[in-house]
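Student: Okay, here's the prediction I keep looking at, along with the sequence it came from:
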Amino acid sequence: MATSEDNLGGRLPLLAPDALDADQQKLYDALTAKMVPWANQSGFRADTADGRVIGPFNAMLRSPRISQALLALTNAEGEFTALSERVRQVVILTVGALWRADYELYAHAAVGAQAGFDAATVGALVAGEKPAALSAAESLAYDLTHRLTAQHQIPADLYGQAVATFGEKGVVDLIYLAGHYMIISGLLNTFAVPAPAPS
């Protein structure tokens, strides 16, 4: 029987947990052990009431071995990044807004609020605008991410400011983070994955 949640896969049917092959099951178990609980704690949904994963995770199940490597990158970035959580959320929301990735913006608007941004700041980032209330480091992260994502080149003065603020490691970490969310946004947009309706 069809449910109101069936359309949350966009162009891809949501895969039922009992219909997965061995590689998909391994990825599903990893997602439901870490990503789904984190989503719930952060204030957004990453699964349906009957346990099917949504957002980019349903698409990731179609290529489970490569997706396991992507998940390893997600985990490593979260553990070893030199960037603050607020800077990370500026980067993620800036990428999501430029890609107009509805699910990404839905998810990280909630995470951004948990990181301490007020509703006006989150709203501006989601709308693709630079908020006035960002700190100097957050503002620079916005500029670097926007320029990298939209124009693909970083001028020397912006590069110098970024290295002075974040260090060489921090700049590399920011590029990894932005690139990761370009992949996620690409999955979401290609498969037309929607954000869940407000509950």
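Tutor: All right, it came through fine.
Student: Tell me where the model's unsure across the chain.
Tutor: 1-3, 199 (pLDDT under 70).
Student: Please enumerate the helices of the chain.
Tutor: In the chain, the helices defined using DSSP state H lie at 22-30, 36-42, 56-60, 64-80, 85-99, 102-114, 119-126, 136-151, 156-190.
Student: a markdown table please, covering those helices and showing mean neighbour count.
Tutor: In short, each C-beta sits where N, CA and C put it, glycine included. Converted to a markdown table, the helices of the chain look like this (neighbours: other Cβ atoms under 10 Å):
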| stretch | mean neighbour count |
| --- | --- |
| helix 22-30 | 16 |
| helix 36-42 | 15 |
| helix 56-60 | 24 |
| helix 64-80 | 13 |
| helix 85-99 | 24 |
| helix 102-114 | 22 |
| helix 119-126 | 18 |
| helix 136-151 | 19 |
| helix 156-190 | 17 |
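Student: how about JSON lines for these, with distance to residue 9 added?
Tutor: JSON lines is the format used below for the helices of the chain (distance: least, Cβ to Cβ, whole Å):
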{"stretch": "helix 22-30", "distance to residue 9": "14"}
{"stretch": "helix 36-42", "distance to residue 9": "16"}
{"stretch": "helix 56-60", "distance to residue 9": "5"}
{"stretch": "helix 64-80", "distance to residue 9": "15"}
{"stretch": "helix 85-99", "distance to residue 9": "19"}
{"stretch": "helix 102-114", "distance to residue 9": "11"}
{"stretch": "helix 119-126", "distance to residue 9": "23"}
{"stretch": "helix 136-151", "distance to residue 9": "26"}
{"stretch": "helix 156-190", "distance to residue 9": "11"}
